[in-house]
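Novice: here's a sequence, model it:
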Amino acid sequence: MKTWFITGGTPGGFGVAYADVALQRGDNVVLTARRPQLLREWAKPHGDKVLVHPLDVTDTRQINEAVAAAEKRFGGIDVLVNNAGRGWYGSVEGMDDTNVRKTFELNFFAVVAVLRAVLPGMRARRSGWIINMSSVAGLTGAAGFGYYSAAKFAIEGITHVLREELAPLGIQVLAVEPGAFRTRAYAGFADEPVTESIEDYRPMLESVREFMVAQDGSQPGNPYEGVRAVVAAIEEDKPPRRLVLGSAGYDAVVEKLEGMLADIRAREVISRGADFPDAR
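Specialist: Down below sits the predicted model:
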């Protein structure tokens, strides 16, 4: 029996899907959320198998308190799911500095803070799984979500390095890149008008917003099937380093990476020519 520590427990999202699948397996769950009262009814049937704990992942004190509560209740954390996060639209040039920093605080620095709080216990036991919820945008980028994409690219980078650093300690790391899934991720965009300061970018951003609002509730991805795929992946004899979720996401990532590889290979002579002659 394992204990899962899951951030971003908003009802209708990936966090609750992870919690439900873990509970179906007979595991313990610590589900955290900024508004834990919204999870009260969900938690009741599960009794002592569930600890719902308040957590704003941008608050280091709250992170440490939540991790300590999880370890006290269940004795340790076996699986960490860094799921909390969201995006705000805006152009790279025109997005307000406050929103740029807020994007990175929530989607990158908060992940680092949770990792730093959970890893000491995992290192002491020489075992554990880290599941970092990235995004297809973290491999392909998304126009109108440049800083969200940049934060997810940063998650990809830190996940890669973390995997190498933790492997000798018995801790495994997986990056998960969902495409469009039927969660509540798009639900707030209808109430968030475009506030772009540079007129040239407004048509693009209005189009992005309209697409998100129109797709809300009809995204093709099933979060429960996505979570089951993640659980199956970490139980493989040779688990993957990353897992892209969703058909459209898979196609977009493969197209992007194949194009990138073709672009690099097309300039092999130029790349190799940058060395000193005696190093070629």
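Novice: longest helix in this structure, please.
Specialist: In the chain, with assignment by DSSP state H, the single longest helix is helix 146-166.
Novice: next structured bit after that one?
Specialist: Remark: after helix 146-166, the chain's next helix or strand is strand 171-178, criterion DSSP states H and E.
Novice: export that following strand as CSV, just CAs?
Specialist: What follows is strand 171-178 as a C-alpha-only set of coordinates in CSV (Å, rounded to 0.1, in the frame of the first residue of the first chain):
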residue,chain,number,x,y,z
ILE,A,171,13.7,7.5,-6.7
GLN,A,172,12.1,7.6,-10.1
VAL,A,173,10.7,10.6,-12.0
LEU,A,174,8.2,10.9,-14.8
ALA,A,175,7.1,14.0,-16.8
VAL,A,176,3.4,13.8,-18.0
GLU,A,177,2.4,16.0,-20.9
PRO,A,178,-1.4,16.2,-21.3
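Novice: pLDDT (mean, whole number) over that strand?
Specialist: Per-region confidence: strand 171-178 scores 98 on mean pLDDT.
Novice: what do you get for stretch 244-263?
Specialist: In this model, stretch 244-263 has a mean pLDDT of 98.
Novice: oh, and call the first residue 627 from now on, that's how I've got it
Specialist: Yes, from this point I'll number from 627; that puts the last item at stretch 870-889.
Novice: residues contacting Ala811?
Specialist: With contact taken as C-beta atoms under 8 Å, 6 or more residues apart in numbering, Ala811 is in contact with Gly639, Arg712. Where C-beta positions appear, they are placed from N, C-alpha and C, glycine not excepted.
Novice: buried residues in the longest helix of the chain?
Specialist: For helix 772-792, a neighbour-count test (16 or more other C-beta atoms under 10 Å) marks 772-782, 784-785, 788-789, 792 as buried.
Novice: okay, the angle between it and strand 797-804?
Specialist: Note on geometry: by axes from the mean of the first three to the mean of the last three C-alpha atoms, to 10 degrees, helix 772-792 and strand 797-804 are set 160 degrees apart in direction.
Novice: ok, and what's touching helix 772-792?
Specialist: Defining contact as C-beta under 8 Å, 6+ apart, one finds that helix 772-792 is touched by 711, 713-714, 716-718, 721, 725-726, 729-730, 733-734, 737-738, 741, 745, 756, 758, 760-761, 763-768, 798-801, 867-868.
Novice: and what of stretch 636-651?
Specialist: 628, 630, 632-635, 654-655, 657, 659, 661, 664-665, 668, 672, 675-676, 705, 707, 709-710, 759, 804, 807, 809-811, 849-850, 852-854, 856-857.
Novice: mind checking which of the residues you listed are in strands?
Specialist: For these, membership in strands holds for Trp630, Ile632, Asn654, Val655, Leu657, Ala659, Val676, Val705, Val707, Met759, Pro804, with DSSP state E as the criterion.
Novice: relative to Met830, which of the residues you listed is nearest.
Specialist: Ranked by distance to Met830 (C-beta to C-beta), these are led by Pro804 at 23.3 Å.
Novice: count of neighbours near that closest one?
Specialist: Taking other C-beta atoms under 10 Å as the neighbour definition, Pro804 ends up with a count of 23.
Novice: could you measure from it over to Leu788?
Specialist: Relative to Leu788, Pro804 is positioned 20 Å away (C-beta to C-beta, to the nearest Å).
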